[in-house]
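**Student:** need a structure here:
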Amino acid sequence: MPDFQQRIELLRAHFEKKKIDGILTSYLPHVQYLSGFSGSNGLLFITRKKVIFFSDFRYKEQSRKEVTADEKIFSQESLFSEAAKKNSKLKISKIGFEAEYLTCSALNNVKEYFFRVKFIPVHGIVEKLRAVKTEDEIEHLKRAINISDSVFSKILGIIKPGISENDISAEISYWHRRFGASGEAFDTIVASGFRGALPHGNAGAKKIAKGEFITLDYGCVYNGYHSDMTRTIAVGRPTAEMKKVYAVVLEAQQRACDYAKAGVSTKSVDETARQIIARKGYGKYFGHSLGHGIGLEIHELPRLSLKSKEVLIPGHVITIEPGIYLPKKFGVRIEDGCVVRENGIEILTTSPKELIIL
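**Tutor:** Numbers count the residues shown, from 1 in each chain. The predicted model follows:
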């Protein structure tokens, strides 16, 4: 079971620097991370001494079982109004709010409930805590990734000329749930032939034809944690150009995996893969970042890009996913989920990366 008290204390350690005496968060991934709540309507009011959880009647029984907090309040009224009522007794005068997740209009509404309270924007505190996973969290991520690996094996058996991208996407969703996932991590990408040049080419009605690449980018959710993997496979004999591009992407992906470890900058990991692709003449066809963190959300800290300024830390769980996209021709992307360790990374995705020809 997660050590929610430790997470709360790490959060409170930022109060002094941010000049706050409490924080309100209704951003559900943060509510879950700090309390265990997995429902759709929750609010946490964390002060220097108390953790108070607010929700509505629908989640009363669920919250009793899964939420760790000093006090739980259930109401059909606005949760922020209930927090304000509580604060009339606590008299917290400086409260932090997460500016990335609370709109200006919502903040103005919240302020109407509170009297003599100064609201102070805070940025990135919980996100940075979430970026470093415990071994328990890593086990959830391993399970999610294992489910997606198992799905890949199943999908290889159903792909053939004439089947549509939508059909493949539906099979991925079906097998994710059959293998124990609660749902999809994001809209599944199935991009075949010329559509493979679309990095986020969600599945469509197009039918698979011989001689095409298919890029499969998908993930699932297990106990709240997200997997994310990509494989590109060939249906029928690929051309010499297709084989060449695949080999370049594979080399870039493997080199980045070999280079990544605790203490190196995320920017330099991106550069390692990007330089290989550029030297082979495909630099302008790799236009996205190399990867990102995964966890309770599909995109988390750290970011692996040319603009990122972060350094890898043991416990980061990241994706490494270079790609080359040739307009009107095809695309190739290969992606693994990886845990950062002291002397390297542990690659969690086990599906083969060598070119598969069906």
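**Student:** alpha carbons only for contacts and neighbour counts from here, please
**Tutor:** Will do.
**Student:** Name the SS class of the residue nearest in space to the middle of the chain, please.
**Tutor:** The chain has residue 298 as the residue nearest its centroid, 1.8 Å off, counting by Cα atoms, centre = their mean. State at residue 298, reduced to three classes by DSSP: H, G, I helix; E, B strand; the rest coil: coil.
**Student:** got a list of what the nearest residue to residue 84 once chain neighbours are set aside touches?
**Tutor:** Leaving aside its sequence neighbours, residue 84 sits nearest to residue 114 (Cα to Cα, 6 or more residues apart in numbering; 5.3 Å). By Cα atoms under 8 Å, 6 or more residues apart in numbering, the contact list for residue 114 reads 81, 84, 87.
**Student:** Let me know whether residue 264 touches residue 314 as I believe.
**Tutor:** No - assessed by Cα atoms under 8 Å, residue 264 is found out of contact with residue 314, at 10.9 Å.
**Student:** And the average pLDDT for the host helix or strand of residue 171 is what?
**Tutor:** Assigned by DSSP states H and E, residue 171 falls within helix 165-178. Averaged across helix 165-178, the pLDDT comes to 98.
**Student:** strand partners of whichever helix or strand comes after it, parallel vs antiparallel please.
**Tutor:** Next helix or strand after helix 165-178 toward the C-terminus (DSSP H and E): strand 183-184. Here strand 183-184 has these sheet partners by DSSP bridges: strand 220-222 (antiparallel).
**Student:** returning to what we had before: just among the contacts of residue 114, which is most surrounded?
**Tutor:** residue 84 (22 neighbours; other Cα atoms under 10 Å).
**Student:** May I have the helix or strand it falls within as PDB, with CA atoms only?
**Tutor:** Using DSSP H and E, residue 84 falls within helix 79-90. Listed next in PDB are the C-alpha coordinates belonging to helix 79-90 (Å, rounded to 0.1, in the frame of the first residue of the first chain):
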ATOM      1  CA  LEU A  79     -16.900  20.700  -2.600                       C
ATOM      2  CA  PHE A  80     -15.000  24.100  -2.500                       C
ATOM      3  CA  SER A  81     -17.900  25.600  -0.400                       C
ATOM      4  CA  GLU A  82     -17.600  22.700   2.000                       C
ATOM      5  CA  ALA A  83     -13.800  23.300   2.200                       C
ATOM      6  CA  ALA A  84     -14.600  27.000   2.900                       C
ATOM      7  CA  LYS A  85     -16.900  26.000   5.800                       C
ATOM      8  CA  LYS A  86     -14.100  23.900   7.200                       C
ATOM      9  CA  ASN A  87     -11.700  26.700   6.900                       C
ATOM     10  CA  SER A  88     -13.900  29.000   8.800                       C
ATOM     11  CA  LYS A  89     -12.900  26.900  11.800                       C
ATOM     12  CA  LEU A  90      -9.300  26.200  10.800                       C
END
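**Student:** quick one, longest helix in the chain?
**Tutor:** The residue-count maximum for a helix in the chain (DSSP state H) belongs to helix 135-156.
**Student:** Quick one: residues in contact with that one.
**Tutor:** Counting by Cα under 8 Å, 6+ apart, 1-2, 168, 171-172, 175-176, 179-181, 218-223, 225-229, 295, 315, 317, 337, 339, 348-351, 358 sit against helix 135-156.
**Student:** So for it, what gets flagged as buried?
**Tutor:** 137-138, 140-149, 151-152, 155 (16 or more other Cα atoms under 10 Å).
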